[in-house]
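Participant: Predicted structure and sequence below. I'll ask about it afterward.
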Amino acid sequence: MLEEGKKKADSLDVPGVAEGLQWVESDAESLPFDDNSFDTYSISFGIRNVSNIGKGLEEAHRVLRKGGHFCCLEFSQVNSEVLRKVYDLYSMNVIPHIGSAVAGDGKSYRYLVESIRKFPDQETFSEMIRAAGFSQVRHENLLDGVVAIHSGFKM
């Protein structure tokens with residue numbers, strides 16, 4: 001994914017943007033950055049793959065400066081019972097077959113569906129963010145909860 005990000009940055013029509021970026025691969029539970037290093041920490045569709053989500057959230061809090069903003073976009077729990085049933089049928093019966101046909105890897109897409117199902121609901125994840133030390137924690141559901149944006153601040 002880092003290579004894809006580099007390609008994207010290089011393709012932008014913004015002079016010098018790629019030179020201003022530092023590309024780092026690391027463990028979200030043990031970030032190689034000093035305390036209070038960043039104004040913003042964002043993660044999209046990745047926190048559910050962190051082995052110890054609580055530890056990952058604590059690390060996010062650690063590297064943020066006072067007033068820093070945490071923002072997480074992640075698959076979540078669908079609110080509507082009807083939509084949830086349709087989504088569950090689609091995700092369990094269609095997504096792995098698409099992954100198999102398109103990427104030749106149905107197993108990874110089955111893992112994707114299972115990891116989404118195991119991820120905490122919006123309120124539970126909000127509590128986990130608070131427990132890591134964040135304030136003003138809130139979430140916004142998109143597509144009736146198929147995905148949600150969670151945010152909080154280090155005060």
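Facilitator: That came in fine, so what should we check first? Residues are numbered from 1 along each chain as shown.

Participant: Paired strands for the longest strand that the chain contains, with orientation please.
Facilitator: Scanning the chain for the longest strand, with DSSP state E as the assignment, gives strand 64-75. Within its sheet, and counting by DSSP bridges, strand 64-75 is paired with strand 38-44 (parallel), strand 147-153 (antiparallel).

Participant: will you turn these into CSV that also has mean pLDDT?
Facilitator: Written out in CSV, the entries for those read as follows (pLDDT from 0 to 100):
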stretch, mean pLDDT
strand 38-44, 97
strand 147-153, 98
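
Participant: So for Glu59, which of these sits nearest?
Facilitator: For those, proximity to Glu59 was assessed by CB to CB; strand 38-44 is nearest, at 8.9 Å. No exception for glycine: its C-beta is placed from N, CA and C like everyone else's.

Participant: and that closest one, which residues are buried?
Facilitator: Taking 16 or more other CB atoms under 10 Å as the basis for neighbour counts, the residues of strand 38-44 that come out buried are Phe38, Tyr41, Ile43.

Participant: swap in stretch 70-89?
Facilitator: Of the residues in stretch 70-89, those buried under the neighbour-count criterion (16+ other CB under 10 Å) are Phe70, Cys72, Leu73, Glu74, Phe75, Ser76, Gln77, Val78, Tyr87.

Participant: Likewise for stretch 12-20?
Facilitator: For stretch 12-20, the neighbour count (16+ other CB under 10 Å) marks Ala18 as buried.

Participant: Next, the residues that contact it from outside, please.
Facilitator: Lys6, Ala9, Asp10 (CB atoms under 8 Å, 6 or more residues apart in numbering).
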